[in-house]
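A.B. asks: Predicted coordinates and the sequence they were generated for:
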2 protein chains.
Amino acid sequence: MYDFTFHIPTRINFGRGAISHLSELAESGNKALLVYGGGSIKRNGIYDEALRILGEAGVEVTELSGVEPNPRIQTVRRGVELCKEQGIQMVLAIGGGSTIDASKVIAAGALYDGDPWDLVLDSSKAVRALPIYSVLTLAATGSEMDCFAVISDMTKNEKWGTGAPCMVPTMSVLDPTYTFSVSRRQTAAGTADMMSHTFENYFTREKGADVQKEFCEGLLRTMVKNGPVALAHPDDYDARANLMWAASHAINGLVGAGSANAWCVHPMEHELSAFYDITHGEGLAILTPAWMEHVLSVDTVADFARYGRRVWGIQGLDDFAVAHEAIAKTREFFFQTMGMPANLRAVGITDDKNFEVMAQKAADGSKGSYVPLTKDDIVEIYRAAF
Amino acid sequence: MYDFTFHIPTRINFGRGAISHLSELAESGNKALLVYGGGSIKRNGIYDEALRILGEAGVEVTELSGVEPNPRIQTVRRGVELCKEQGIQMVLAIGGGSTIDASKVIAAGALYDGDPWDLVLDSSKAVRALPIYSVLTLAATGSEMDCFAVISDMTKNEKWGTGAPCMVPTMSVLDPTYTFSVSRRQTAAGTADMMSHTFENYFTREKGADVQKEFCEGLLRTMVKNGPVALAHPDDYDARANLMWAASHAINGLVGAGSANAWCVHPMEHELSAFYDITHGEGLAILTPAWMEHVLSVDTVADFARYGRRVWGIQGLDDFAVAHEAIAKTREFFFQTMGMPANLRAVGITDDKNFEVMAQKAADGSKGSYVPLTKDDIVEIYRAAF
């Protein structure tokens, strides 16, 4: 097991009615910036309920709406300005990972003198932030319980992850009923995202971390079981609850600390989103089986065979056969069971003209990963996924 | 999944040399109470190293040594007096669960006006505590990462658990090499203790908590794999590391929140320790298979069959046969593989004269457990384990 520091300070309030805990925002002051996306929280009643609880707790609200699915630095800048102008004391995100990610950089930007894009390019500059709270409406990114944020500047085709201890939410509300109305497409993309987080932690050169390996396999089995249930029965409470809680643990440090190497599929996908603004989870699903096939070798086959046996229950003694079947099962799960787009063309990427430049950036961003990937490796993976 | 609140604020520094993080105590002041047990930390060098690091950090140390394996309230009272007399600002435990448990109640007692035994009998009175730090030297109780403490008053044959948010350690150092010198007997008892914590969370009426169930099974497989390796090769780093990290997660809320019912084997064992001062982990190992046989029924057989299939890899379609074999495997693991005493007589409990009074107290302490246990049930379990 590698040496590590583990720290998850976020308080999680999980279950039906957990939104009542928003009264706890009063611990941080009486002026909150409420950040949300396209307005679905107004249709489903969460917005009204939140305002009622905050009002009763004496917390005054300024609003920033319209956070994009791949949140833009321009929106973050507007949030930072609001915080500075109005003496905001805390940031409350209501939404999915994009909204929470934007809120994190807004909260750090509010206590930073320069342009918040600096905090995206260099996380060491994020040393202080306003307290961050969240109400989660989509099980996917795990942003509700980690310190990471991914922000894009589409004018430059740039999408980068950042993260700092000051950006971990203080308290998050996880009410699975809030995800009953998530569409089939977003449910599938969220499941692929949380599975990809787990894969990034699971495939590692470190062979002595049994706890983390077991937890990864448990999360993957939970996702594989409950993803299809949530598609078939959107209001199945336990399916939504297990997906929500599994997504948080896939990235909060539990399965990565002491075990994981640098991530690689995420950097490859970030380039797709930066150049083509596609849905992150769909990009991950498309790239994952292509990446698995590319890195399968005598050197890695034992890991993929273990994955096949433990997550998919594949029998057989031939490691390569089990590994190939595991990859086929992964493909079948994403593209048939979950009904996701199966290649880059299906999400509107119809030419390969940016592959070289994207691959170079992804190679720079994934140094130290499970199997080291050159620019040429990544171009091959893009082509295999095309 | 049940509704829950989840919060693990402890910072964990894990790995070789993690003791260097003791310099962080300076964040809480410059006067620490150092609490430890019988002095093994002086023989293995941890004591000297800790004093060196604290000295360099400008932290002055007052010592309380001699904490007992089942820590006594009398020792806690001495610690509280030292804190109050000397203006202690933080408590540092170096040792196993007993030392950390005592330190927690000392830290709370230091800011409490009455007798610290009040805090053991009524956890709601523990509302403030000095910051608590720990250096762990035994993988077993999980006290390094939870809010619980178990304290005894042997003059009254009383042993009770207490717990409050203020008693969670601020930071714990987990260096697996510190457990290389743990004896075979204590390694086995520690493994049984962490397995019992996992069982208490695993066997539950709640059937919709996949994440927690999967994590419990992963922990149990990790313990079953690594316990015997640690016996055979006491300085196997990964075996010690996996046991240490699994023990923390068995009780820090991860596998209990949203899933567990009230505990019952622990209350039964606490009576054994309160009356006979036996080793906690040995008492748990002795009671566990007897408890399993007692509660196995048409109502619970699916849970025990799942346990057999997933933890022990038992094949077969007959749930009762698999369940019985799983219990036999549990027995074999504790009493043969791990070499633990197999019944109450083997730990010096040679008569049944206290069974009735112990059983009544254990029945009171386990209300709401997986299978409700009356006084008569518990007497039967004690007799079966005799």
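C.D. replies: In hand now; what should we look at?
A.B. asks: Give me the mean pLDDT for stretch A:289-299.
C.D. replies: Average pLDDT, stretch A:289-299: 98.
A.B. asks: And stretch A:59-75, by the same measure?
C.D. replies: 96.
A.B. asks: Quick one: end-to-end distance for that stretch.
C.D. replies: One end of stretch A:59-75 to the other measures 23 Å (CA to CA, to the nearest Å).
A.B. asks: go on, stretch A:328-337?
C.D. replies: The first and final residues of stretch A:328-337 sit 12 Å from each other (CA to CA).
A.B. asks: Would you indicate which residues of that stretch are buried?
C.D. replies: A:328, A:329, A:330, A:331, A:333, A:334, A:335 (16 or more other CB atoms under 10 Å in any protein chain shown). The C-beta positions use only the backbone N, C-alpha and C, and glycine is treated the same way.
A.B. asks: and what of stretch A:142-156?
C.D. replies: A:142-154.
A.B. asks: Mind checking what secondary structure the residue positioned nearest the centre of chain A has?
C.D. replies: Compute the mean C-alpha point of chain A, and by CA atoms, centre = their mean the closest residue is residue A:141, 2.3 Å away. Three-state call for residue A:141 (DSSP: H, G, I helix; E, B strand; the rest coil): coil.
A.B. asks: How about the contacts made by it?
C.D. replies: Neighbour list for residue A:141: A:96, A:97, A:98, A:100, A:101, A:190, A:193, A:194, A:247, A:251, A:280 [criterion: CB atoms under 8 Å, 6 or more residues apart in numbering or on different chains].
A.B. asks: these two touch, right, the second one and residue A:140?
C.D. replies: Yes: judged on CB atoms under 8 Å, residue A:97 makes contact with residue A:140 at a distance of 5.6 Å.
A.B. asks: Need the overlap of contacts for these two.
C.D. replies: residue A:193.
A.B. asks: which of the two has more neighbours?
C.D. replies: Neighbours around residue A:97 and residue A:140, counted as other CB atoms under 10 Å in any protein chain shown, are more numerous at residue A:97. The numbers are 30 against 27.
A.B. asks: Any figure for the gap between residue A:12 and residue B:5?
C.D. replies: Counting by CB to CB, to the nearest Å, the gap from residue A:12 to residue B:5 is 7 Å.
A.B. asks: Please identify which of those two sits among more neighbours.
C.D. replies: Between residue A:12 and residue B:5, residue A:12 has the larger neighbour count (other CB under 10 Å), namely 27 against 16.
A.B. asks: Find the helix or strand that the nearest residue to that one once chain neighbours are set aside is a member of.
C.D. replies: Spatial nearest neighbour of residue A:12, chain neighbours left out: residue B:6 (4.1 Å); criterion: CB to CB, 6 or more residues apart in numbering or on different chains. Here residue B:6 sits within strand B:4-14, counting by DSSP states H and E.
A.B. asks: Run the angle between that strand and strand A:4-14 for me.
C.D. replies: Interaxial angle, strand B:4-14 versus strand A:4-14 (axes from the mean of the first three to the mean of the last three CA atoms, to 10 degrees): 170 degrees.
A.B. asks: Run me through the strand neighbours of strand B:4-14, direction for each.
C.D. replies: strand A:4-14 (antiparallel), strand B:171-174 (parallel) (DSSP bridges).
A.B. asks: And those: which comes nearest residue B:257?
C.D. replies: Comparing the strands paired with strand B:4-14 against residue B:257 with CB to CB, the closest turns out to be strand A:4-14 (7.6 Å).
A.B. asks: Quickly run through the sheet partners of whichever helix or strand comes after that closest one, with directions.
C.D. replies: Sequence-wise, the next helix or strand downstream of strand A:4-14 (DSSP H and E) is strand A:31-35. Taking DSSP bridges as the criterion, strand A:31-35 pairs within the sheet with strand A:60-64 (parallel), strand A:90-95 (parallel).
A.B. asks: who does the nearest residue to residue A:24 once chain neighbours are set aside bridge with?
C.D. replies: Closest residue in space to residue A:24, ignoring its immediate chain neighbours: residue A:171 at 5.8 Å, by CB to CB, 6+ apart. As for beta bridges, residue A:171 partners with residue A:11, residue A:133 under DSSP bridges.
A.B. asks: quick one, domains of chain A?
C.D. replies: Under automatic domain parsing, the residue ranges defining each domain of chain A are A:11-178, A:184-384.
A.B. asks: Show the subsequent helix or strand relative to the biggest helix by length in chain A.
C.D. replies: Longest among the helix segments of chain A by residue count, using DSSP state H, is helix A:210-232. Per DSSP H and E, helix A:210-232 leads on to helix A:237-249 as the next helix or strand towards the C-terminus.
A.B. asks: and that following helix, how far from the chain's centre?
C.D. replies: Centroid separation for helix A:237-249 versus its chain: 14 Å, with CA atoms, centre = their mean, to the nearest Å.
A.B. asks: just stretch A:199-212 next, same as before
C.D. replies: 19 Å.
A.B. asks: In contact with residue A:229, which residues are there?
C.D. replies: A:236, A:239.
A.B. asks: so how far is chain B from it?
C.D. replies: Residue A:229 sits 10 Å away from chain B, going by CB to the nearest CB, to the nearest Å.
A.B. asks: And residue A:352, by the same measure?
C.D. replies: 40 Å.
A.B. asks: Mind telling me what element that residue is part of?
C.D. replies: Using DSSP H and E, residue A:352 falls outside every helix and strand.
A.B. asks: cool, residue A:83 as well?
C.D. replies: Using DSSP H and E, residue A:83 maps to helix A:73-86.
A.B. asks: tally of neighbours for the closest residue to residue A:303 other than its chain neighbours?
C.D. replies: What sits nearest to residue A:303 in space, not counting adjacent residues and going by CB to CB, 6+ apart, is residue A:203, at 5.8 Å. Residues lying near residue A:203 (other CB under 10 Å) number 23.
A.B. asks: so how far is residue A:256 from residue A:203?
C.D. replies: 12 Å.
A.B. asks: so what's residue A:138 up against?
C.D. replies: Taking CB under 8 Å, 6+ apart as the test, what residue A:138 contacts is A:95, A:96, A:97, A:179, A:182, A:186, A:190.
A.B. asks: nearest to residue A:368, of those?
C.D. replies: Comparing those against residue A:368 with CB to CB places residue A:97 closest, at 24.4 Å.
A.B. asks: Spatially nearest residue to the closest one (excluding sequence neighbours)?
C.D. replies: In space, residue A:97 is closest to residue A:141, 2.7 Å off (CB to CB, 6+ apart).
A.B. asks: One more: residue A:378?
C.D. replies: For residue A:378, ignoring the flanking residues on the chain, the nearest one in space by CB to CB, 6+ apart is residue A:359 at 3.8 Å.
A.B. asks: my read: the one you found touches residue A:366, true?
C.D. replies: No: applying CB under 8 Å as the test, residue A:359 and residue A:366 come out as separate, 10.4 Å apart.
A.B. asks: Please tell me which one of the contacts of residue A:138 counts the most neighbours.
C.D. replies: When neighbours are counted by other CB under 10 Å, residue A:97 leads the contacts of residue A:138 with 30 neighbours.
A.B. asks: tell me the pLDDT at it?
C.D. replies: Here the pLDDT value assigned to residue A:97 is 95.
A.B. asks: Provide a list of residues in contact with it.
C.D. replies: A:138, A:140, A:141, A:142, A:143, A:193.
A.B. asks: Can you give me the distance of the third one to residue A:189?
C.D. replies: Relative to residue A:189, residue A:141 is positioned 10 Å away (CB to CB).
A.B. asks: do the same with residue A:337
C.D. replies: 14 Å.
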